[in-house]
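Provide a 3D model corresponding to the input given below.
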Amino acid sequence: VQQGYLAVYVGPERLRFLLKTQYLNHRLFRELLEKAEEEFGHHHNGGLTIHCEVEVFEDLLWRVAS
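Numbers count the residues shown, from 1 in each chain. The predicted model follows:
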């Protein structure tokens, strides 16, 4: 993964996304991470995993990028 990016695995299929690390500071992304931590804890095997539908995550990325 190139500098300034983070690999994230989304959904039951663990689809891999490369995110700009600056997205981690965005309010919507922080809320998603907090919700995932509440529901699933913060122990992840093999990288940061977001337990939501891929379509929901793609919509969130679109909103964060705009």
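
what about R16, neighbour count?
Residue crowding around R16 was assessed by other Cβ atoms under 10 Å; the count is 11. Yep, even glycine has a C-beta here, placed from its N, CA and C like the rest.

typo on my end, L19
20.

ok, now Y5?
Applying the criterion other Cβ under 10 Å, we find 14 residues in the vicinity of Y5.

what phi and what psi does the backbone show at it?
Y5 adopts backbone torsions of phi -130, psi 160, taken as degrees, to the nearest 10.

what's A7 sitting at in phi/psi?
Reported as degrees, to the nearest 10, the phi and psi values for A7 are phi -80, psi 130.

what's the spacing between it and R14?
Here A7 is placed at a distance of 11 Å from R14 (Cβ to Cβ, to the nearest Å).

With T21 instead?
Look at T21 and R14: by Cβ to Cβ, they are 20 Å apart.

in which helix or strand would I find R16?
strand 15-20 (DSSP states H and E).

Centre of the chain to the longest helix anywhere in the chain, how far?
Secondary structure of the chain read by DSSP state H shows that its longest helix is helix 27-40. Helix 27-40 has its C-alpha centroid displaced from the chain centroid by 9 Å (Cα atoms, centre = their mean, to the nearest Å).

same deal with stretch 48-56?
Taking the mean C-alpha point of stretch 48-56 and that of its whole chain, the gap between them comes to 7 Å (Cα atoms, centre = their mean).

Run through who's touching that stretch.
6-11, 13-15, 32-33, 36, 39-40, 57 (Cβ atoms under 8 Å, 6 or more residues apart in numbering).

ok, and for that stretch, which residues are buried?
Neighbour counts using 16 or more other Cβ atoms under 10 Å place L48, I50, H51 of stretch 48-56 among the buried residues.

ok, of these, which one's closest to R27?
I50 (15.9 Å; Cβ to Cβ).
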